[in-house]
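1. sequence below, structure please.
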Amino acid sequence: MRHADHLFTCLLVLCAVCAQPGFSQCLPEGGPEFQSDIPSVPSQNTMTMRRDRLDRPYLYIASKEGGLRIFNISDLSAPQSVKVIPTADLGGLQVMSLEQYGRYLYLALGNHFPGVVQSPGMAIVDVDEPEAAIVTDFWASPDFSSGGAGVVRAEGDYAYLGGMDNGLIILDVADKEHIAHVRNFKPDLDFPHGPPPPGDTAKFNARGMEVRNDTLWLCYDRGGLRVIDVRDKSAPVEFSRYCNSILTGFATAYNNIILRGNLAFLAIDYCGVEVLDVSDPLHIAQKGWWEPWTCPTNNPFVWGGSPGHANELAYDEDCKLLFVATGKSDLHILSVSDPAQPDSCGFFGGVDNQIGTWGVDLWQNSLFLSYIFTVVPFQSNWTGVKVLTYPACTPDAVFNPGTAPDFQVYPNPANGTARLQFTTGDRVLRIALLDAAGRPFRSFDPDNGELNLEGIPAGMYYLQVVMANGVGAKKLLITKGY
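-> Below is the predicted model of the structure:
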């Protein structure tokens, strides 16, 4: 069965059996449960948001004209505004997106929608104390007076800013109080459709990106996916590219990307979500494609009337679920347990509620949807954030269904070192630190109960212990990174 036909059948069944918009058949013990709204106003659109990555109860919202808004979400049913950094503190530039790395937020600045013309820019905000967050520095491009910015990512001492039609901007952020410009890089416009006609060049926009080990994966909107070597920050080189061959010649709209292992999940607007095998970046291959809106048949005339526009993505490694902000249709949940056959297995909201999403974020079992006030490409008459929760899955890589050893880890949260205490004298065979997705991060000497955590980035981890009587794990929050 085609994905579009399967989705339509599922929606008919779901509508018949469930009156609540949060119903989902692919989550354990039910679907997303609505907790609260964080409303905004039309003049302050909510864009990208991030739940605090140090596992503190805060939500950071890129609120466009409203600047950066910070909420205490200790009580998910009643979020409390605790801090606003206005655009006046950011050179007047609107906040379009953000990302968190340890104690710092990186803000992508500059309106990229029609209307207000702004240059691309970036700010760094210290959120060591979220309710007293401060701007350490902000930067505005002296080279571009328009275009704004759509995304920001960082790795090591460098930040990468998606400057929309201005391409990629590389910044040195080693000194958080002095952002330094390094290089502008604009991928060529001839791929995948040949040289663009006059007036079409502005459709090529640096939108979503990931960076891993000095390789940058850029969603270049109409220009497909570009893979760029950024080892030499002053001379980036594009060495690979990809576009769905079925869409060549149409309005390919690659919006966002998530990398997980050898897989890449890409949101391609009204053409759904692609799953790519990127184990060999020189030979990127499609592994799966969720395409519910008959994009190849109706393209390019369906854009404004499409029931969905895939934009931001969030991935639950434990449940093997992909959460997709889909504009007019709010949220689709895809099962990607078989990456070759991504399939819609749940949703939140619907096409007839007169509101539409821009972003999605996920932290443990909390889910956040940002809605924008807009008339193009769909009508949405509300902007703000909806806070949801759903039952969490247990990663198979962490817990053994058999008898688990009983142990304690302290202090927790930890800073620098941690110790293990066991209730039995059984021999410890292995001690490993796993990341939040259950993937091995570091191993420790099993004969030493004191663990050296120096050099490990701050965040939530699992401490896994293997003993003769089984495998057990405890969550461990590391509060300070390198």
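2. domain ranges for this structure?
-> 3-389, 407-478 (automatic domain parsing).
3. just those: most buried one?
-> domain 3-389 (a mean of 19; mean count of other CB atoms under 10 Å). Heads up, the C-betas are built off the backbone N, CA and C, glycines and all.
4. how far does that domain sit from its chain's centre?
-> In terms of CA atoms, centre = their mean, to the nearest Å, the centre of domain 3-389 is set 6 Å apart from its chain centre.
5. before we move on, back to that, redo the domains of the chain as JSON lines? Include mean pLDDT.
-> Converted to JSON lines, the domains of the chain look like this (pLDDT from 0 to 100):
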{"stretch": "domain 3-389", "mean pLDDT": "90"}
{"stretch": "domain 407-478", "mean pLDDT": "80"}
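6. can you map out the strands along the stretch 301-450 of the chain?
-> Remark: strands assigned in the stretch 301-450 of the chain by DSSP state E, counting those that start in this stretch are 313-316, 321-325, 331-335, 343-348, 356-363, 366-372, 384-389, 407-415, 417-422, 428-434, 440-444, 450-452.
7. the last one: what's the following helix or strand?
-> Sequence-wise, the next helix or strand downstream of strand 450-452 (DSSP states H and E) is strand 459-467.
8. between whatever helix or strand comes next after that next one and strand 417-422, how big is the angle?
-> As assigned by DSSP H and E, the chain's next helix or strand after strand 459-467 is strand 470-478. Put simply, strand 470-478 runs at 150 degrees to strand 417-422, going by axes from the mean of the first three to the mean of the last three CA atoms, to 10 degrees.
9. using PDB, write out every CA atom in strand 470-478.
-> Coordinates of each C-alpha in strand 470-478 appear next as PDB, following Å, rounded to 0.1, in the frame of the first residue of the first chain:
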ATOM      1  CA  GLY A 470      22.700  -9.200  34.500                       C
ATOM      2  CA  VAL A 471      22.800  -5.700  33.200                       C
ATOM      3  CA  GLY A 472      21.500  -2.600  34.900                       C
ATOM      4  CA  ALA A 473      21.600   1.200  34.300                       C
ATOM      5  CA  LYS A 474      21.000   4.500  36.100                       C
ATOM      6  CA  LYS A 475      20.500   7.900  34.600                       C
ATOM      7  CA  LEU A 476      23.400  10.200  35.300                       C
ATOM      8  CA  LEU A 477      23.200  14.000  34.800                       C
ATOM      9  CA  ILE A 478      26.600  15.600  34.200                       C
END
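10. roughly how far is that strand from the heart of the chain?
-> Taking mean C-alpha positions (CA atoms, centre = their mean), strand 470-478 and its chain are 25 Å apart.
11. that strand packs against which elements?
-> strand 407-415, strand 459-467 (3 or more CB pairs under 8 Å, 6 or more residues apart in numbering; DSSP states H and E).
12. what's the closest of these to residue 433?
-> strand 459-467 (5.3 Å; CB to CB).
13. tell me the angle that closest one makes with strand 470-478.
-> 160 degrees.
14. which elements pack onto strand 459-467?
-> Using 3+ CB pairs under 8 Å, 6+ apart: strand 459-467 touches strand 417-422, strand 428-434, strand 470-478.
15. could you rerun that using 7 Å?
-> strand 428-434, strand 470-478 (3 or more CB pairs under 7 Å, 6 or more residues apart in numbering; DSSP states H and E).
16. between the two ends of stretch 142-151, how far is it?
-> 18 Å (CA to CA, to the nearest Å).
17. how about stretch 418-433?
-> With CA to CA as the measure, stretch 418-433 spans 12 Å from end to end.
18. what's next to it, contact-wise?
-> For stretch 418-433, contacts defined as CB atoms under 7 Å, 6 or more residues apart in numbering pick out 405-411, 440-444, 446, 449-451, 453, 461, 463-469, 476.
19. rewinding a little: for residue 277, find the nearest of the helices and strands packed on strand 470-478.
-> Across the helices and strands packed on strand 470-478, closest to residue 277 is strand 459-467 (CB to CB), at 27.2 Å.
20. how about the helices and strands packed on strand 459-467 in a markdown table, adding distance to residue 104?
-> Shown next, in a markdown table, are those (distance: least, CB to CB, whole Å):
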| stretch | distance to residue 104 |
| --- | --- |
| strand 428-434 | 23 |
| strand 470-478 | 16 |
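21. and those strands: which comes nearest residue 129?
-> strand 470-478 (16.8 Å).
22. got the angle between the closest one and strand 428-434?
-> Interaxial angle, strand 470-478 versus strand 428-434 (the same axes, to 10 degrees): 40 degrees.
23. quick one, strand 470-478 and strand 407-415 angle?
-> Using the same axes, to 10 degrees: strand 470-478 against strand 407-415 is 20 degrees.
24. that older thread, nearest to residue 345, out of the helices and strands packed on strand 459-467?
-> That would be strand 428-434 among these, by CB to CB, at 26.2 Å.
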